[in-house]
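# I would like the atomic coordinates for the input below:
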Amino acid sequence: MAVLFCFIVLIAGLLVTALVDAGTAIQAGNRADTYSAEAARAASIAVGPVPAGGVEDVRLATAAAGSYLVEAGATGQVSVLGPGVVQVSVTVSASTPLLGFVVRQTRTHTAQLQVGVTHGEGVS
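The predicted model follows:
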């Protein structure tokens, strides 16, 4: 009976460890998702309601997204795909609390500036 109990405790401990460490990976993914979405939103808003598609728009979008990422404590890459269209990719690293593994989660979001009073219309 004692051997069976030890076996059950060992399995339960392994399951708890796996679940807690998997939770850390999920949290890192959620943070990367949130950071990339918000940075892309900030970049598309910084370009303004009438994007010209020039170098100034790229500078404004990159600066706004970079500023958001710095404030959030995240690192990422900003790409301007076209007038009013910005893509941000963010990688978040976290150390699992029980096993000490480093997990990295990367998420990418694309934002397109929408203009219009009642419903958005894509900017061309």
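# in this protein, which spans are strands?
Along the chain, the stretches classed as strands by DSSP state E are 75-82, 85-95, 102-112, 114-115, 121-122.
# output those strands as TSV; include the columns distance to residue 43 and mean pLDDT.
In short, each C-beta sits where N, CA and C put it, glycine included. TSV is the format used below for the strands of the chain (distance: least, Cβ to Cβ, whole Å; pLDDT from 0 to 100):
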stretch	distance to residue 43	mean pLDDT
strand 75-82	6	87
strand 85-95	4	92
strand 102-112	7	92
strand 114-115	14	66
strand 121-122	16	56
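# most tightly surrounded among those strands?
Counting by mean count of other Cβ atoms under 10 Å, strand 85-95 has the highest mean neighbour count of these, with a mean of 21.
# partners of it, with directions?
According to DSSP bridges, strand 85-95 forms sheet pairs with strand 75-82 (antiparallel), strand 102-112 (antiparallel).
# just put these in CSV and tack on distance to residue 27.
Rendered in CSV, the data for these read as follows (distance: least, Cβ to Cβ, whole Å):
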stretch, distance to residue 27
strand 75-82, 17
strand 102-112, 9
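# out of the ones you listed, nearest to residue 5?
Ranking these by their distance to residue 5 (criterion: Cβ to Cβ) puts strand 102-112 first, at 32.6 Å.
# so where's the protein shaky on pLDDT?
51, 53, 115-124 (pLDDT under 70).
# how about the helices in it?
Along the chain, the stretches classed as helices by DSSP state H are 2-47, 55-72.
# between those, which gets nearest to residue 96?
Of all the helices of the chain, the one in closest proximity to residue 96, counting by Cβ to Cβ, is helix 2-47 (3.9 Å).
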